[in-house]
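> what shape does this take:
(chains A, B, C, D, E and F)
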6 protein chains.
Amino acid sequence: MRPNERDPQHVRPIRFTRDFTAYAEGSVLVEFGNTKVICTASIEEGVPRFLRGQGQGWITAEYGMLPRATHTRNRREAANGKQGGRTMEIQRLIARSLRAAVDLTKLGDYTITVDCDVIQADGGTRTASISGACVALADALNKLVAEGKLAENPMTMMIAAVSVGIVDGEARCDLEYVEDSAAETDMNVVMTEDGRMIEVQGTAEGQPFTHEELLTLLSLAKGGIEAIVTAQKAALTN
Amino acid sequence: MRPNERDPQHVRPIRFTRDFTAYAEGSVLVEFGNTKVICTASIEEGVPRFLRGQGQGWITAEYGMLPRATHTRNRREAANGKQGGRTMEIQRLIARSLRAAVDLTKLGDYTITVDCDVIQADGGTRTASISGACVALADALNKLVAEGKLAENPMTMMIAAVSVGIVDGEARCDLEYVEDSAAETDMNVVMTEDGRMIEVQGTAEGQPFTHEELLTLLSLAKGGIEAIVTAQKAALTN
Amino acid sequence: MRPNERDPQHVRPIRFTRDFTAYAEGSVLVEFGNTKVICTASIEEGVPRFLRGQGQGWITAEYGMLPRATHTRNRREAANGKQGGRTMEIQRLIARSLRAAVDLTKLGDYTITVDCDVIQADGGTRTASISGACVALADALNKLVAEGKLAENPMTMMIAAVSVGIVDGEARCDLEYVEDSAAETDMNVVMTEDGRMIEVQGTAEGQPFTHEELLTLLSLAKGGIEAIVTAQKAALTN
Amino acid sequence: MRPNERDPQHVRPIRFTRDFTAYAEGSVLVEFGNTKVICTASIEEGVPRFLRGQGQGWITAEYGMLPRATHTRNRREAANGKQGGRTMEIQRLIARSLRAAVDLTKLGDYTITVDCDVIQADGGTRTASISGACVALADALNKLVAEGKLAENPMTMMIAAVSVGIVDGEARCDLEYVEDSAAETDMNVVMTEDGRMIEVQGTAEGQPFTHEELLTLLSLAKGGIEAIVTAQKAALTN
Amino acid sequence: MRPNERDPQHVRPIRFTRDFTAYAEGSVLVEFGNTKVICTASIEEGVPRFLRGQGQGWITAEYGMLPRATHTRNRREAANGKQGGRTMEIQRLIARSLRAAVDLTKLGDYTITVDCDVIQADGGTRTASISGACVALADALNKLVAEGKLAENPMTMMIAAVSVGIVDGEARCDLEYVEDSAAETDMNVVMTEDGRMIEVQGTAEGQPFTHEELLTLLSLAKGGIEAIVTAQKAALTN
Amino acid sequence: MRPNERDPQHVRPIRFTRDFTAYAEGSVLVEFGNTKVICTASIEEGVPRFLRGQGQGWITAEYGMLPRATHTRNRREAANGKQGGRTMEIQRLIARSLRAAVDLTKLGDYTITVDCDVIQADGGTRTASISGACVALADALNKLVAEGKLAENPMTMMIAAVSVGIVDGEARCDLEYVEDSAAETDMNVVMTEDGRMIEVQGTAEGQPFTHEELLTLLSLAKGGIEAIVTAQKAALTN
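Now for the predicted structure:
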């Protein structure tokens, strides 16, 4: 049985709290069960050097974890003097996913930086980050439109992300930490609300996985993401 | 007039939320008005090399700010590859203050690391951090006693901190950001509940300050700290 | 048409040159068309601290690119003072893939570090690296067995990797640089010789991709990897 | 008794040697007893980016210690790859203090960097640094006036600094190392020649200190600083 | 006897393979026996800031070693976060030597960066690097002339480098690793084809060396460099 | 004519001030004309890891320059976060030279670190550093013998260093800054008192230099070093 007697195909309780902090153009606390991430979207004028004069905006992302977001304390990356490989990998994934949801040629001369800072980690921090970041980004873009800085909203669709995996031989959706650390196969999926794929990252932790297992996991992910998008939309219409 | 018609001698609404996150031995969200800091106390066995075999424990602290805790986004220190001078200065202050509240020779062979991460900054982040850290530390120490790892609680007193300053010629307690950035003199004071001093750091931002001004500011600080200690104790008895 | 009139399902000419350099326990120059990578496997006694006393060995990987492996010169990471996010992401992928091919509990108290250094880059450097690294690792493990340091070879299967993607609406196998930079969807797949999956990393560069497109790409990857494994085995029996 | 039978209210022998090195616009060797610091003031045209176009100059400071300035050798910060927290804290204090002595709006488009490098450390390196830096700064500013680059000297007053503390229950002025390391309370005070305060930084190393102790220490500091300013002025009129 | 019964005054088999990689303006694999270095010359428009507007071009160099170029694996400098002192020393030597071979005032507004990456190290990596870099640089400069970007070739002469040393009391030319590590005196010499000197760096590893020994070593170096220049010229006329 | 009408073969006024600072086991201020360097030798027990159990001691060196030792201010290396290539090259040269003067197998289980910090730079900082470091090292070694920690002094000879070069077609000894920056050829020589060589580093800054020029320069160096060794010995017998 899963923790809390959850069904294999069910996501944990999902919650998006908008305007969680006061200053960012978009600020969302996202909760996937006990995983909690503060996502802020910050608008700045101008684009990075490599994009200047090309008639498009830019979206980037950074990811971090408070040292005691986890069961035991991790060293603070700022004190270490560098971001670890896992952090780099995750923030690149978040940024690519968000850029896929936006028509950058309609973003004008703006850069939006989305910061995802995990304050409590119980598995799925990268998928919660992407899902929350999308809501924060929507708020920031709506602000640009409301202020007349953009003629139309350049976001083309909602995206969300979920982890799926095989634990004890059973395919499960939205793994929490105890499941994640025991998973034979672990997959993070970023999808649009209509089930098309933005990112698929599957890893065999133990045995290689078969084509059939991949199909099962993708199907689970599709259901989970539908539930998350529903929660995103409900939050945005509050 | 001060923002929100606050009296010069009054602190902002103070709130301590214990057990704010799930894993740390002590975890407190402290709010001084709109300034919000997550303070966690993490217990680890062993002491730093320079203290080994000397029959005492150790307390240290780290400080950080989410990039968009402020009105405009600051670069992430982990991405910069180093902690800034202001960060270093603040975390050293927090650590010294906490060590003054504890009899380290009664802490056994433990190191407690207190992380103060600002999620929203409206002035006074270092004084809120110290005040919240003291509550998180109390929880962690109580846990060591409850688990039988320490015979008695090594904390000798509660400490709290407040900023005071002279703004528009008026001495004020617990400055918020718009006051802090306009202050001629700015002082951070860490005191015990009975009004003795742990740290006094006063800075003339504009004109030098006189002995009389110093006395006025210290008196204001004393009153503010009494209010904060009262809130700390109320939180700890909930 | 693809460059060089290549069929969509075909990989580029694949070549593995063993014993390419003199000192490493395994040393392979792998070529996927114009992409050339030196892969060396280095055996060291002992395991990282987090594995000590757990009765298993360890395999790790590092990745680099000569500054002028590419059309324009990239700054040297050693001179920059840090490895970039792309480098970190790739070396983590290589290491995970290799560990999946080996029963670490049969590796004894050894750490094998595989270095993949790209001397010429024309797309697919990470998949060429994984495929070449597997051959270098096989040589190193055979050496441990031949020297009587291991009772049996802990490698459980050959693995190989290939990139697949959709370019100009056409699904293609083993993208070279001009294709890769124009791809709408780009996927790196690591598989065993019998078609089971180790890693699947698909990214929508432009439009999201559909379930059907994913299936087409995986099928192409399977064919490509069979060809690469055939070349690996031929090289190892020379 | 204090070392060398010094009276509690007395500073050590103070000496300022101007033009200690040849190239800087101001160069002073300051000695507080056995503490010796080389202070140089370097004038450069232009101001930092955040001040451009605001009609003011800038003063900044850096602090360092030769590795064997102390009883045992400290690691060289340049070899460590970063400045420590103590260094950062001290150089920020020096810079703030110097800026308080100068009307920056009359400094024109110049940046003055004051380097304080300790060649021998016997307690009070930061207060000696501030006191010596003020003399070096005065020389540099006089040079700008003499060369007709500034119409008038923008320094508004002399400042000096001294440490005071409670050692063996006795309040003492200008602690040397053996006193400093045994002090229950330690305070660094930066004052103007007429006794107004620029910086007050008091720390309880052992027991918290009382309001009365604070007053005693401030009074001692005032006397010490008068003696130091007298020595500064004597040096400047040589 | 030397390894492979080589005569004391003979260099190892020398080989220069031009166009070793595809993209650089000059790309040479240089082999001094078992020492193998990839040298690429990359042309970029513009010069470093300190040379702007001075009517000259610039040549710089970087040096690296693959982690397993040597008998035991060395840590990757990019992972270490800095280049070591030996690397810095060597790349400065390569750059100075190359600049001595070129009239920079005839190089126009170009910077040429020569990267020397050692893939196999058996002694003499710096001298092989210089000798190979000179060929790669010649190719790059010829390309600038052929494309009409420079009116004439600014290279004024060929240069080459060789190591010489005293091993077991015998003066020898072009030391390989086992000789180098046993040498009492070790000297690296960079010369023009007509025997004039660009760089002489001699080091007593054991006993100091005499004037006579120096003369013997220089004479050996002269002969070795003549042989290397002959090989360079043969390679350039292929 | 040379500055100050100095003869081409003459060194500048040379001065060694022993016990310049109070704490180091050896502490020397060395002056070559206006070039001034503080050299301290620090004894620590134990040797680096790579030497443990091999029955020998170790000598290492570090080099630095105060930011305003030069005509214009250089950035502080500690603030830059790394030592530059020139610094690394020089400190490696100093260390190698000192080790050549000592029988490390008679140094016991000690590491001596020599710090050379330039407080005023007028050319020849590395040769002054080596010459001063040798005196500081002698003092430190004498202390070990005097304290009974070593049976005999392991220093086998005095060494000294001087720069020589060709300026305006004239060979000159001990170049000062204006000469050094105009030199066509520049050579640093480290010799024993009897004229044998420890290090020779010659560089053609403009035209290559001939064999005859090399001989002339070495002869000048020999004379200069004799004068410096005389001054070293005089200082050590004071």
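> CA atoms for contacts and neighbours, from now on please.
OK.
> for the residue nearest the centre of chain A, helix, strand, or coil?
Within chain A, one residue has its C-alpha closest to the average C-alpha position: by C-alpha atoms, centre = their mean, that is A:Ile130, at 1.1 Å. Following DSSP: H, G, I helix; E, B strand; the rest coil, A:Ile130 is assigned to helix.
> pretty sure it is touching A:Ala160, no?
Yes: under the criterion of C-alpha atoms under 8 Å, A:Ile130 lies in contact with A:Ala160, with a separation of 6.4 Å.
> in chain A, which residue sits closest to chain B?
A:Ala78 (3.7 Å; C-alpha to the nearest C-alpha).
> chain neighbours aside, what residue packs nearest to whichever residue of chain A sits closest to chain F?
Minimum separation of chain A from chain F (C-alpha to the nearest C-alpha) falls at A:Gly81, amounting to 10.7 Å. Distance criterion C-alpha to C-alpha, 6 or more residues apart in numbering or on different chains; nearest residue to A:Gly81, sequence neighbours excluded, is B:Gly81 at 4.4 Å.
> now swap in A:Arg172 and tell me
Looking at A:Arg172 with C-alpha to C-alpha, 6+ apart, the closest residue is A:Pro8, at 4.5 Å.
> got the residues of chain A near chain B?
Within chain A, the positions lying close to chain B (C-alpha under 8 Å from any C-alpha of the partner chain) are A:21-24, A:40, A:42, A:66-73, A:77-83, A:115, A:117, A:119-120.
> what ranges do the helices span in chain A?
Remark: helices of chain A, listed N- to C-terminal, are A:77-80, A:85-100, A:125-146, A:177-180, A:211-237; assignment by DSSP state H.
> count of neighbours near the residue in chain A positioned nearest to chain D?
Per C-alpha to the nearest C-alpha, the residue of chain A with the smallest distance to chain D is A:Gly81, at 9.4 Å. Residues lying near A:Gly81 (other C-alpha atoms under 10 Å in any protein chain shown) number 18.
> what residues are up against it?
The neighbourhood of A:Gly81, defined by C-alpha atoms under 8 Å, 6 or more residues apart in numbering or on different chains, consists of B:78, B:80-83.
> any low-confidence regions in chain A?
For chain A, not a single residue meets the criterion pLDDT under 70.
> skip the chain neighbours and tell me the closest residue to A:Gly64.
In space, and not counting its chain neighbours, A:Gly64 is closest to A:Asp117: 4.8 Å by C-alpha to C-alpha, 6+ apart.
> go on, A:Leu236?
Across the structure, with C-alpha to C-alpha, 6+ apart as the measure, the residue nearest A:Leu236 apart from its sequence neighbours is A:Val135 (7.2 Å).
> gap between the one you found and A:Pro154?
Distance of A:Val135 to A:Pro154, computed by C-alpha to C-alpha, to the nearest Å: 14 Å.
> more neighbours: which of those two?
A:Val135 (30 against 19).
> was I right about the more buried one contacting A:Glu25?
No: at 11.3 Å, A:Val135 and A:Glu25 do not qualify as touching, with contact defined as C-alpha under 8 Å.
> how far away is the residue nearest to A:Leu236 from A:Gly57?
When distance is defined by C-alpha to C-alpha, A:Val135 is 19 Å away from A:Gly57.
> now do A:Asp180
A:Asp180 sits 36 Å away from A:Gly57, going by C-alpha to C-alpha.
> mind checking how far A:Val229 is from E:Lys36?
57 Å.
> looking at these two, which has the bigger crowd around it?
Summary of the neighbour comparison: A:Val229 and E:Lys36, criterion other C-alpha under 10 Å, with E:Lys36 having more neighbours (26 against 22).
> what about the closest residue to that one other than its chain neighbours, neighbour count?
In space, not counting the residues next to it along the chain, E:Lys36 is nearest to E:Gln120; the distance is 5.0 Å by C-alpha to C-alpha, 6+ apart. When counting by other C-alpha under 10 Å, one arrives at 25 neighbours for E:Gln120.
> and if you look at A:Thr105?
Once other C-alpha under 10 Å is used to define contacts, A:Thr105 is seen to have 13 neighbours.
> also the one 5 residues further on?
Using other C-alpha under 10 Å as the criterion, A:Tyr110 is surrounded by 21 other residues.
> name all residues that make contact with it.
Neighbouring residues of A:Tyr110 by C-alpha under 8 Å, 6+ apart: A:43-47, A:57-58.
> distance from stretch A:68-83 to the middle of the chain?
Centroid separation for stretch A:68-83 versus its chain: 20 Å, with C-alpha atoms, centre = their mean, to the nearest Å.
> and it, how far apart are its ends?
Start-to-end, stretch A:68-83 (C-alpha to C-alpha) is 16 Å.
> ok, A:Met88 - contacts?
A:63, C:85, C:88-89 are the contacts of A:Met88 under C-alpha under 8 Å, 6+ apart.
> look up how far A:Gly195 lies from it.
Between A:Met88 and A:Gly195 the distance is 27 Å, computed by C-alpha to C-alpha.
> cool, A:Val164 as well?
Here the criterion is C-alpha to C-alpha. By it, A:Val164 lies 15 Å from A:Gly195.
> neighbour count for these two, which is higher?
A:Val164 (31 against 20).
> nearest residue to that one in space, please, no chain neighbours.
Excluding the flanking residues, the one nearest A:Val164 by C-alpha to C-alpha, 6+ apart is A:Cys173, at 4.5 Å.
> my read is that that neighbour contacts A:Ile225, right?
No: counting by C-alpha under 8 Å, A:Cys173 sits too far from A:Ile225 to count as a contact (9.7 Å).
> and for the two, which residues touch both?
With C-alpha under 8 Å, 6+ apart applied, the overlap between the contact sets of A:Cys173 and A:Ile225 consists of A:Val162.
> what's the burial count for the residue nearest to A:Val164?
Other residues lying near A:Cys173 total 28 when counted by other C-alpha under 10 Å.
> could you do A:Arg52 as well?
With other C-alpha under 10 Å as criterion, A:Arg52 counts 12.
> the one 3 residues further on now?
Counted with other C-alpha under 10 Å, the neighbours of A:Gly55 add up to 13.
> torsion angles phi and psi at the residue lying farthest from the centre of chain A?
In chain A, A:Gly53 marks the outermost C-alpha relative to the chain mean, sitting 29.7 Å out by C-alpha atoms, centre = their mean. The phi and psi values for A:Gly53, taken as degrees, to the nearest 10, are phi 80, psi 10.
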